[in-house]
Structure formats: structure tokens, C-alpha cells
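1. take a look and give me a structure for this.
(2 chains)
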Protein chains: 2
Amino acid sequence: MQKIDLAIIGSGPAGITAGIYALRRNLSIRVFESEAVGGQTAKAVWMENYPGFTRLTGFELMQKMSGHLKMLGVEIEEANAVKKIAKIGNEFELELEDGSKALAKTVLLATGTENKKLNLPGEKELYGRGVSYCANCDGPFCKGKRVAIIGGGNSGVTNALYLSETASKAFLVEFTPELNCDEVYLPLIKKQKNLEVLKNTQVIEVLGKEKVEGIKIKDRKTGKERIIALEGVFFYVGLSPRNELAKQLFGAEIDSKGFVKIDEHMMTTVKGFFAAGDITGNLAQTIWAAAEGAKAALEAYKYVKGILK
Amino acid sequence: MQKIDLAIIGSGPAGITAGIYALRRNLSIRVFESEAVGGQTAKAVWMENYPGFTRLTGFELMQKMSGHLKMLGVEIEEANAVKKIAKIGNEFELELEDGSKALAKTVLLATGTENKKLNLPGEKELYGRGVSYCANCDGPFCKGKRVAIIGGGNSGVTNALYLSETASKAFLVEFTPELNCDEVYLPLIKKQKNLEVLKNTQVIEVLGKEKVEGIKIKDRKTGKERIIALEGVFFYVGLSPRNELAKQLFGAEIDSKGFVKIDEHMMTTVKGFFAAGDITGNLAQTIWAAAEGAKAALEAYKYVKGILK
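-> Below is the predicted model:
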């Protein structure tokens, strides 16, 4: 079994940037991805705040980043998840989905976050049949239909703007009394005539048998409940750290919100086991995750060379 | 005098990214630059590690970033340095080079670093007459000539590779026994036949009357001194934080190396006075500086809105 210097788990901006930096330091690396390349960024409808690119889709940006990595000689191993990790002496043994094993001197956990679920009645049952966590993926099926977007942060709002372009009618449902998005979006929401904003509103249930037929909501001020008939519900109510590998296999310290603790060298409480990107609970922005990836790779380099203990 | 939400001092990756993020939050901003747009990044010969762009010049990258800012409605005020800052109540009054004043609720110090000087005999006297701190700026004058590059870190090495492409002969002089650059450059240096590496070597003096005629160097192992005849000397021996504004006018805390101290909100020890990028002494990489700029802008937004005290 060939030993590599650095195993990168996850191919969002943190994982890919770490790969770019590691390769420029001549480390041998592999990049494992359990789902699709690009992490949360690839799901963003539009990216307008990654400096240097005024406007492109999240998918396009992550294609550019993975292309950058590929040009340096490494292809992301898509759908080759790391199933298990064990630390044997100073090294890490990884069991991969394809049945093989990998041996690594250092590991970077860059698994990011996944969309939170509200665990409403009907939410799980109707997932894939009208319930979705990715407008980019499932939005095209909602052309000419009525949809609801749950969550008034940046993700919810941008996806509501996107979905309302083709939906016959869209509802943006926010639990708190005000939207929590960038101000820049507020006039755009007003302009979108078929987009109705319901603030201070709680979603109670997703309705439907074979597929989504509606949602039951409650006005949190008046307590009044009502049903909205629709065909699609998109949840953007926050993110959960994907910390399973750290949690189950290492005893790497995790904070109360599920984020993996790191020190000033991006190292977890397990020596040689680094973390970067959204999984660390810092600013959940593409540019920030990429920066953490860069730093983690440089610290892993020092660890491999014996400079960092 | 119109009051703005955020005055950004410096237009490197930190300052520009802060501007992009602040504008997307609808803050009113101005961006002041005492020299040229782009900071240290704009001086980089080639950028190959900013994720998404496989290869472009530092100048090109910073043109893209400043174009990104301009598209959002703000042009960098070049050659309009902030000469003086005073905090009056909760606000900041800035005296500008053009003679006018600006009033701001928050200030972001993103002044970065400047190239360190060795203060050798002849270094200051012959500056601009063969002594340079920017190969990108002065390299074209050295075509077909003999040059030396002082410093074997990434900056020195990449600039040595660049200069040796057109120089008749180039010397790369490193004080320590080994080069401190990314491994990826080592084979490139070997391939460049007219580039001679002098390790463990100290530069004693820059020689010349009207212009540079040579350098005096000392082999640190044998103690032997010798003179190399050449026409250009490029110094890449580290960076000094440009902390004058923080130092003279605020009493914002500065560490022993001259970097400005910030808390987890990117705020200095002066309320409402933030810092981001190389001036904070963190990872001196474009991607990192940009990330700090993004975070600082979001924290300044919270401060302006009264969420962050």
C-alpha cells in the first residue's frame, strides 16, 4: 500500500485549495469526495462575492477550482467516500468506499456541512417527491408550479429569487420577524411580483401523500394556522457540520454545535489530523473556507517535514 | 461632510474584498490607496495559487478584483492617502492627501506590508538606480544585464526565475544554508542555466557611484568576501507591516513584530477600528488576506448596525 503525505476528505473550496497548496509543496495527496465535487458552494445559485469573479454559478466556480487542481495533476475521487479511519502509530489508515485502503501521514477533514432538516411531519416522507434541500438540483422540476422556500437567510433568499423566476408563485417563509439576508437582496425581492414573503411564520407540516401537496403554516403573532397548496418545498434553515468521521473514529474534540475544534495550526486535538472549511465553524463563506484550506495544507506540510509537532 | 459607514485604507486583496462584502451589505464606503492598487499581490510575477485562476500575473488578478469592486459602484481612490486619523466620539475623522476630510463610523486598516530593507551601505543611495524591491516594476530595465536577487523565499525565487529569463546572468543570494521556497521551484531553478544560487551568503554592500556596479558578498562558512559585478539588485528579504496609522494616531495595540493585534471580530483594541490582511501578521497569502477582508467587512457591518459593540 502506497503511503501518501496528505489525505484530503471533501472537495469543497477548503479541500480543493488545500490540494492546490499541498501540490505546490510537492506533497503526495489524494482527494476523496462522498458526493459531488464542490461542497455547499457548488449548490449556490449565483456567486457574486468570490473576489475576481463578478458573477458565476457556484457550480462554475467549483469547476474552475477542481480544474485548477486537475491541472496540477490530481483528480478528485468522486463517490469514493472514506468509510473509516484509524490512527496506527503516527499514520492514518483509511478504508474507502471502493473497497481499497489508503495510508496517509496526515489527514485534512474538509467535509463541511449539510443542510439542516426541520424534521417536520412529512418532511422526510416526501423527500425527493417535492421536498428538497437544493434548488439548483430540483428547481427545474418546479417550472410553472407553486413552491415555498423555508428560511430567509442568504441561501433561502437567493434560492427564492431563482425559483420565483420560473415558478408560477413562490412563498418565502421566515421564522423570525425579519429576513436575515444581505440588504442588497431586499429590493430584488420586492421587484419579484410572484414572490410573497411570510415573516414571523412557522412551518408546521409538509402535506401530501405520494407527493407534496402543500404546507401548513402558523402566523407566530396571531397564532393562526393556514394551509398553502403547492408542489415544491425547499428548506434553507441552516447547516449541520458533517463531523461523523471525527466523532466516531478519533475522539477529536467537537464543540457544542458539532464543529471540529482546531488550534492555530488548523490541527484538531488528534496529531496530524487537520480540519478546514465550514466543518471548523468559522465564517461559512467560500473565500474563508478556501483560505483555511490553504493554511491547513501549509501546516500539514510542516507536520510531514517534522517542523510542526 | 458626508459620513460614511466604512473607510477602507489600502486596496490589496483584504481592502478590496472588504469593499465587495460591505457593498453587498449596502454600507457606504470609500477605499483609499496611498500608492497603486493591489498591494503586494499586484507585485507578484505570477499567481498560480489563487483558487480558480490557474495562472495569471498578480497585477491581472488585482485588476480583476478592483474591477469587481468598481462593478459594485466604488472606485479606489488612488494616490489619495489617509494622512491622519482621529477618533472623535464614536466616529473617525480622516485627513486625506487631497486636502479634504472624511467622516466614518468604522475604519478598516488594510495597509499590508512593504518590502523590508537591509539598510546596507549603498542600498538607500542607489535606490532607483539599480536597487529595487519590485522585479515586476524594474525588471524590464535589466534585459541582457547582470542582476542579483537577495532572498531565497518564494518571493525571491519566483522573481529570480522571472529576471533570469531576460537577464544575461542572475545570482540568487540566500543568507541561510538552504532556500526557503516551495519545493516546486527547485527543479525550475536548476533548469535555468544562467541562474546561479549562492547559499549561506551575506550581502555586505551595494557598490556603485551613479548607479549600481556590483555587490560585495561574504561566504558565511569560509568568511571569504568577494565582489560580483552587476547592474541590478532586487531585495526580497521579508516584509514590514505598514502600521504607521495605527501606531501614531490611535494607540491600537501592536505586537513585537509590528503587526496590529485583532480580536476574533477582526477589531483592534480601538472600538470600530478593524484590521485585515498582512497587517495582522497572519498567513501572508492573497487568499488569506481576501478572507480576512470579507470577515472584517461583515464585522464592521454588525458594528454599524449596533449588533457588535
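
2. how many residues are close by A:L161?
-> Here the number of neighbours of A:L161 (other Cβ atoms under 10 Å in any protein chain shown) works out to 22. For glycine as for every other residue, the C-beta is placed from the backbone atoms N, C-alpha and C.

3. just to be sure, A:Y303 is in a strand?
-> No - under DSSP: H, G, I helix; E, B strand; the rest coil, A:Y303 sits outside any strand and is assigned helix.

4. so what's it up against?
-> Contacts for A:Y303 were tallied using Cβ atoms under 8 Å, 6 or more residues apart in numbering or on different chains; they are A:K105, A:T106, A:M267, A:K271, A:G272, A:F274, A:K309.

5. of those, grab the buried ones for PyMOL.
-> Per 16 or more other Cβ atoms under 10 Å in any protein chain shown, the buried members of the contacts of A:Y303 correspond to this PyMOL selection:
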select buried, chain A and resi 105+106+267+272+274
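
6. least confident of the contacts of A:Y303?
-> Within the contacts of A:Y303, pLDDT reaches its minimum at A:K309, with 85.

7. name the residues of the stretch 1-150 of chain A found near chain B, please.
-> A:13, A:16-17, A:20-21, A:23-26, A:48-54, A:61, A:64-65, A:67-68, A:71 (Cβ under 8 Å from any Cβ of the partner chain).

8. secondary structure class for the residue nearest to A:E210 when sequence neighbours are not counted?
-> Nearest non-adjacent residue to A:E210, counting by Cβ to Cβ, 6 or more residues apart in numbering or on different chains: A:R129, 6.7 Å away. What three-state DSSP gives for A:R129 is coil.

9. and A:R129, what pLDDT?
-> On the pLDDT scale, A:R129 gets 93.

10. can you tell me how far it is from A:K211?
-> 4 Å (Cβ to Cβ, to the nearest Å).

11. identify the residues contacting the spatially most central residue of chain A.
-> Compute the mean C-alpha point of chain A, and by Cα atoms, centre = their mean the closest residue is A:Q40, 3.1 Å away. By Cβ under 8 Å, 6+ apart, the contact set of A:Q40 is A:G12, A:G112, A:T113, A:L239, A:D278, A:A284.

12. on the three-state scheme, the closest residue to A:A246 other than its chain neighbours is what?
-> Among residues not flanking A:A246 along the chain, A:A252 sits closest, at 4.3 Å (Cβ to Cβ, 6+ apart). Look at A:A252: counting by three-state DSSP, its state is coil.

13. wait, A:A252 sits on A:K261?
-> Yes - the pair A:A252 / A:K261 is scored as a contact, 7.4 Å apart, by Cβ atoms under 8 Å.

14. quick one: A:I9 and A:L108 touch, right?
-> Yes - if you go by Cβ under 8 Å, A:I9 and A:L108 touch, sitting 6.7 Å apart.

15. what do the two both touch?
-> A:G15.

16. between those two, which one's more packed in?
-> It is A:L108, of A:I9 and A:L108, that has more neighbours when counted by other Cβ under 10 Å, with 32 against 25.

17. which secondary structure element is home to that one?
-> Using DSSP states H and E, A:L108 maps to strand A:101-109.

18. who touches the helix or strand of chain A with the lowest mean pLDDT?
-> Within chain A, confidence by mean pLDDT, DSSP states H and E is lowest for helix A:135-138 among all helices and strands, at a mean of 80. The contact list for helix A:135-138 (Cβ under 8 Å, 6+ apart) reads A:43-45, A:57-59, A:132, A:149, A:159, A:162-163, A:232, A:234.

19. residue contacts, the nearest residue to A:T113 once chain neighbours are set aside?
-> Spatially, and ignoring its direct neighbours in sequence, A:T113 is nearest to A:L239 (3.6 Å; Cβ to Cβ, 6+ apart). By Cβ under 8 Å, 6+ apart, A:L239 lies in contact with A:Q40, A:T113, A:E114, A:N115, A:K116, A:D278, A:A284.

20. which one among those gets closest to A:E225?
-> For those, the residue nearest A:E225 by Cβ to Cβ is A:K116; the value is 23.2 Å.
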